[in-house]
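Asker: Structure for the following, please:
(one chain, ligands or ions: 2)
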Amino acid sequence: MTGPSAPLKGSVRFEAVEKRFGSVVAIRSLSFGIEPGTLVTLLGPSGCGKTTTLRMLAGLEQPTAGRILIGGRDVTSLPANERDVSMVFQSYALFPHMTIGENVAYGLRSGGMAKREAWERAREALMLVGLDGFAERLPSELSGGQQQRVAVARALVLEPQVLLLDEPLSNLDARLRRHVRTEIRELQQRLGFTAVYVTHDQEEALAVSDRIVVMRDGEIAQSGSPRELYEAPASAFIADFIGEANVVPCEVLRSADGALQARLGDLRHPLHAPAAREGAAQLAIRPNAMTLGDPLPGTLSGRVASAAYLGDHIEYEVETAVGRLFIVDAAIERVRPVASDVGIGLIERGVALIPA
Ligand SMILES: Nc1ncnc2c1ncn2[C@@H]1O[C@H](COP(=O)(O)OP(=O)(O)O)[C@@H](O)[C@H]1O
Ligand SMILES: [Mg+2]
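Answerer: Ligands and ions are numbered 1, 2, ... in the order given. Reported below is the predicted structural model:
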């Protein structure tokens, strides 16, 4: 048997990949794997190296060091057209003078496929993305969302092992973005292809991914499922980047019965982190994990600095001994006025100890 064995088809591995542009280190050292048939998102702030990583996978950039494997095969020195991947670009990059059908068939035709067969395949791909009947139109006759679906069809028609998407929704308005991201995810799950998806939008990443690789300064800050990243952030950076969080200093104590607690002022919060060590640490607290009440013993005392009514919740900023906290309170019946003294409590969920 030649070629990759079946279980590896669609898998991706980065092994200690590094990329420099002259003196700029774009990627320090990147090692991660992607399981076949999953959607993995590269997420991180602008300039962290997401596009460079995707372009190295596509064969559009050459790593300075390390290896890249696709389907179990070392593709590090292979040109783009021999890698069995296709890319959906941010700008769609459709040919404006060609019909939609010709755009989608283009890759097959330039690979030598006969016109009739290429056309047939293009129509099937357009059907997959819900654009049946659009083959004869020009790109300018389609909306932005439809053009993006053509770009996806054009990549999928090549039946690549891995589909690469670089900020595919950034040219769409906010309302369409949610809709198209759902479509892409639905298509990926239905057809079962491997996808590597780049975005700087954490909500988009949470919504579409099986796993998220969060990057920072050319390195992996943390990777895991959306839930792992949200509920067990490994650093203050992750806690604040994935969702919003108040990161505050606390003290980890062991109570008389041996249970671990975090102490924040007068407030004690039980910890379910068996590996936690006693002493100074940090807590990441989601804005909706705090309750506001009267300044009673056992609460963290604070003074309301601002209060904004937003229909179904109230947003507060409260000054406390551990800093100014951002609190989202669903209890809209009672607005705590600015300058009033309050006692803050914590609920069970939405509080995570950040490892030292
Ligand atoms: N062709 C290039 N020449 C020089 N520096 C580059 C080049 N491409 C990217 N970089 C640098 O590499 C870093 C990562 O860029 P990029 O991968 O585009 O980030 P992202 O997609 O996460 O915004 C940035 O510092 C960027 O300026
Ligand atoms: Mg980019």
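Asker: so R137 touches T99, yeah?
Answerer: Yes: R137 lies in contact with T99 (Cβ atoms under 8 Å); the separation is 6.4 Å. (Glycine included, C-beta is placed from N, CA and C.)
Asker: Let me see the ranges of the helices in this structure.
Answerer: 50-58, 100-110, 115-128, 144-156, 174-191, 202-208, 226-231, 236-241 (DSSP state H).
Asker: Under the pLDDT cut-off, which ranges of the chain? List them.
Answerer: Along the chain, segments meeting pLDDT under 70 span 1-7.
Asker: Tell me the residues on it that lie near ligand 1, please.
Answerer: F21, V24, A26, G44, S46, G47, C48, G49, K50, T51, T52 (Cβ under 6 Å from any ligand atom).
Asker: residue contacts, the second one?
Answerer: This means V24. Under the criterion of Cβ atoms under 8 Å, 6 or more residues apart in numbering, V24 has no neighbours.
Asker: From R67, how far out is it?
Answerer: 22 Å (Cβ to Cβ, to the nearest Å).
Asker: Neighbours of E204, how many?
Answerer: Residues near E204, counting by other Cβ atoms under 10 Å, number 20.
Asker: got the domain boundaries for the chain?
Answerer: 6-231, 245-354 (automatic domain parsing).
Asker: For the closest residue to A232 other than its chain neighbours, name its beta-bridge partners.
Answerer: Sequence neighbours aside, A352 is the residue nearest to A232 in space, at 5.9 Å (criterion: Cβ to Cβ, 6 or more residues apart in numbering). Note on A352: beta-bridge partners by DSSP bridges are A284.
Asker: A352 contacts A281, correct?
Answerer: No: assessed by Cβ under 8 Å, A352 is found out of contact with A281, at 10.8 Å.
Asker: Between those two, point out the one with more neighbours.
Answerer: For A352 versus A281, neighbours defined as other Cβ under 10 Å are more numerous around A352 (24 against 18).
Asker: now that one: how far from A273?
Answerer: For A352 relative to A273 (Cβ to Cβ), the value is 8 Å.
Asker: contacting residues for R211?
Answerer: By Cβ under 8 Å, 6+ apart, the neighbours of R211 are I34, T38, V40, T41, S223, G224, S225.
Asker: how near is the nearest residue to K115 once chain neighbours are set aside to F134?
Answerer: The spatial neighbour of K115 that comes closest, neighbours along the chain excluded (Cβ to Cβ, 6+ apart), is R109 at 6.9 Å. Using Cβ to Cβ, R109 is found at 18 Å from F134.
Asker: Those two: who's more crowded?
Answerer: Neighbours were counted for R109 and for F134 using other Cβ under 10 Å; F134 has more, 21 against 15.
Asker: wait, that one sits on L142?
Answerer: Yes: using Cβ under 8 Å, F134 is in contact with L142, at 6.8 Å.
Asker: what do these two both touch?
Answerer: I100, V150.
Asker: so which of the residues of the chain next to ligand 1 is the most crowded?
Answerer: G44 leads these on contacts (other Cβ under 10 Å) with 27 neighbours.
Asker: so who does that residue touch?
Answerer: K50, H200, V214, M215, R216, A221, F241.
Asker: Settle this for me: the fourth one is touching G47, isn't it.
Answerer: Okay, so that is M215. No: taking contacts as Cβ under 8 Å, M215 lies outside contact range of G47: 10.0 Å.
Asker: tell me the residue furthest from the middle of this protein?
Answerer: Residue farthest from the centre of the chain, counting by Cα atoms, centre = their mean, is A256 at 41.5 Å.
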